[in-house]
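J.: This is the structure alone, sequence omitted:
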């Protein structure tokens, strides 16, 4: 590099430093303003996530960007990232308490991660929360005294038994809810054990989300839905989106969504291990798409084996779905072994046609994801 | 919502609008400054992607952010997104031409997407590019006249045959290169057909990347590497990272990285189709992680069946890897069928131990990805 180049670059980088300083100031200012919006919403009991308002704001910004020859997608991506930050910060303000005269909330399994998250959200909304864990059953009667809501969040394998054995004498006005990732059996067990209001919930996210904004919670109605309507409102205040479902339909979807997918990720990891793959060198060769897929497999193994065993073993029917996959794999492999490229292509086209408009939609979505993955690269 | 709330919110939103206007101005200014850096680099022939410089800049910004009580990760994410935009804009300036006296570049299969991308990059760097497609062979002799570089990028299934049949009488000083996603056979075919410089390249990305910044290109040396060193420099100028590999080692990795992964995504899609899954309702229930995985499967089916058939059928050895996966799947399923939860957990732990530090690393990485996916949600 000659002297002229060096000094030109230094000058320009100095100017960029200055712009970035201003950028930081603006970010701070914007976060503060949005926090004030949060405080106003908090006072009025409005949900922190307002999809239509957000879409309208983004559309406006995209238009303004175009006029300034800035890519509309750039400003949208930056604002979406900023909104995430603002959602995270909402927690500092707390949330409006919808039900003032509830009495205590008792979280059974409150020392678990998901129980901890719900406990935190409830406390931030002004509720009195007690937790009850496996060693606390001796004093359970005292804990349940005056409870207005009991939330069960224990390992799937013991959920129904615990509901039947331990929760059959709650006060009849008390709401009984659970957070289990299957719903048919737990909802049934709750309806049998308890004569008061019952609702099954399945939060479709891990306990490591920083905020509930935009996250989905599945709701399976049990009994006396008017009595727990406030709880659903409360969850919406936290920013989550509620999806109502019949327990059976939910569970059927989970066989494909959870059990099968987790199982095949598990086998993929197992396979890498058996093949004695060199992860470091695989990563070196990796395109963004493969890095992402490897990360999705690897993340499984950083988590609790028991949790995954629970999810996979929870439904007998999952085994059928997992078995069907094996049959399809086996059949597709036989095309390969026969060298039948034409049959493979024909099969591919058939599936592509079935995916219909979802295929190009997924391609667009995944392109954006892959670009983010590439942005994160450091070497 | 009462009047006070409405007017408070309107006031605050007006202020946020103002901040966003300033933000757009700053973004425009920063993009312009970085474009000037690009122009200086262009003049000096420096690569557009400078990992160390980037890391140092980000570290500095993170420190500054902390002092202003802005999350360091927020400014890092925003700057990374901005850098992506700047890389995309580099194309408008063009790139320094490393080899001035090359003569023509001929891209065999230049009407394909990847050929089109390389053609574009070469033209932006000042080279004369001719393309040769399947209907152009009658005039091939004329096209090859004065060629300094011939790049082969045709379907894998015909690559070696084409090299042997059509490229055995190139001028001896001419460089022969290919972009095939397997390397052993094509490099061998090139060495046999041509007496001059030979190099095998595998761009580890799809033709829809907007920029080559940070993308990986695998390099398999063939013959006379000093003669094509300039080409590697040229690719680095475009921002790509070069990874050198023996063709056999590369192909072995691709059996796991490409063939097997594509195959199992294919089977996953096939399985959804056979199970008559309702994608819309699966999406409704979907957590960010599942939405991402579904998108990765669905994107496959928006692409060319022939391309995937080519990749999967390219290496006989891929079939072994695919078959091993079936065996492992089958074995794991038998644990499930026997209800042997303990054995599943033990197996899980064994694999987790093998993943070692990669598992938590992947968990961190995937968390960032999942947050981006959640940011993109619109309802």
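T.: Yep, it's here. Only a predicted model underlies this, so the values are computations on that prediction, with no experimental measurement involved.

J.: what about chain A, any weak spots by pLDDT?
T.: Residues of chain A meeting the criterion pLDDT under 70: A:1, A:378-379.

J.: State which strand of it is the longest.
T.: strand A:216-223 (DSSP state E).

J.: Residue A:82 is in contact with residue A:30, correct?
T.: Yes - counting by Cβ atoms under 8 Å, residue A:82 is a contact partner of residue A:30 at 6.4 Å. (C-beta placed from N, C-alpha, C; glycine too.)

J.: Grab the nearest non-local neighbour of residue A:352.
T.: residue B:301 (4.0 Å; Cβ to Cβ, 6 or more residues apart in numbering or on different chains).

J.: Please, where are all the helices along the stretch 51-200 of chain A?
T.: Remark: helices assigned in the stretch 51-200 of chain A by DSSP state H, counting those that start in this stretch are A:51-67, A:72-93, A:113-124, A:140-144, A:156-166, A:184-193.

J.: In JSON lines, list those along with distance to residue B:349.
T.: Putting the helices of the stretch 51-200 of chain A into JSON lines (distance: least, Cβ to Cβ, whole Å) gives the following:
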{"stretch": "helix A:51-67", "distance to residue B:349": "42"}
{"stretch": "helix A:72-93", "distance to residue B:349": "33"}
{"stretch": "helix A:113-124", "distance to residue B:349": "19"}
{"stretch": "helix A:140-144", "distance to residue B:349": "33"}
{"stretch": "helix A:156-166", "distance to residue B:349": "18"}
{"stretch": "helix A:184-193", "distance to residue B:349": "27"}
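
J.: Backbone torsions only: list them for the residue nearest in space to the middle of chain A.
T.: Residue closest to the mean C-alpha point of chain A, counted by Cα atoms, centre = their mean, is residue A:205 at 2.5 Å. Per-residue torsions, residue A:205: phi -160, psi 160 (degrees, to the nearest 10).

J.: ok, it touching residue A:216?
T.: Yes - counting by Cβ under 8 Å, residue A:205 touches residue A:216, with 7.3 Å between them.

J.: what do the two both touch?
T.: residue B:287 (Cβ atoms under 8 Å, 6 or more residues apart in numbering or on different chains).

J.: Please name the residues that touch residue A:315.
T.: Counting by Cβ under 8 Å, 6+ apart, residue A:315 has contacts A:182, A:251, A:254-255, A:259.

J.: hang on, I meant residue A:203
T.: A:114, A:118, A:179, A:215-217, A:240.

J.: let's see 10 Å
T.: A:114, A:117-118, A:153, A:179, A:181, A:209, A:212, A:215-218, A:235, A:240, B:287 (Cβ atoms under 10 Å, 6 or more residues apart in numbering or on different chains).

J.: which residue does the stretch 51-200 of chain A bring closest to chain B?
T.: residue A:80 (4.2 Å; Cβ to the nearest Cβ).

J.: distance of that residue from residue B:321?
T.: From residue A:80 across to residue B:321, the span is 39 Å (Cβ to Cβ, to the nearest Å).

J.: now residue A:156
T.: 34 Å.

J.: what do you get for residue A:238?
T.: 45 Å.

J.: More neighbours: the two, which one.
T.: More neighbours surround residue A:238 than the other of residue A:238 and residue B:321, with 23 against 20 (other Cβ atoms under 10 Å in any protein chain shown).

J.: Angles on the backbone of that one, please.
T.: Torsion angles, degrees, to the nearest 10, at residue A:238: phi -70, psi -10.

J.: tell me the contacts of residue A:340?
T.: A:334, A:346-347, B:309, B:313.

J.: Show me which of the residues you listed is closest to residue B:272.
T.: residue A:347 (13.3 Å; Cβ to Cβ).

J.: element containing the closest one, please.
T.: Assigned by DSSP states H and E, residue A:347 belongs to helix A:341-355.

J.: Buried residues in the next helix or strand after that helix, which are they?
T.: The element immediately downstream of helix A:341-355 (helix or strand, assigned by DSSP H and E) is helix A:358-376. For helix A:358-376, a neighbour-count test (16 or more other Cβ atoms under 10 Å in any protein chain shown) marks A:358-359, A:361-363, A:365-367, A:369-376 as buried.

J.: so which of the residues you listed also contact chain B?
T.: Filtering those for proximity to chain B (criterion: Cβ under 10 Å from any Cβ of the partner chain) leaves A:358-359, A:361-363, A:365-367, A:369-376.

J.: Name the residue of the stretch 151-300 of chain A that lies nearest to chain B.
T.: residue A:298 (3.0 Å).

J.: May I have the residues that are in contact with that residue?
T.: With Cβ under 10 Å, 6+ apart, residue A:298 has these contacts: A:265, A:268-269, A:272, A:279, B:351-352, B:355, B:358-363, B:365-366.

J.: Right, I'll leave it there.
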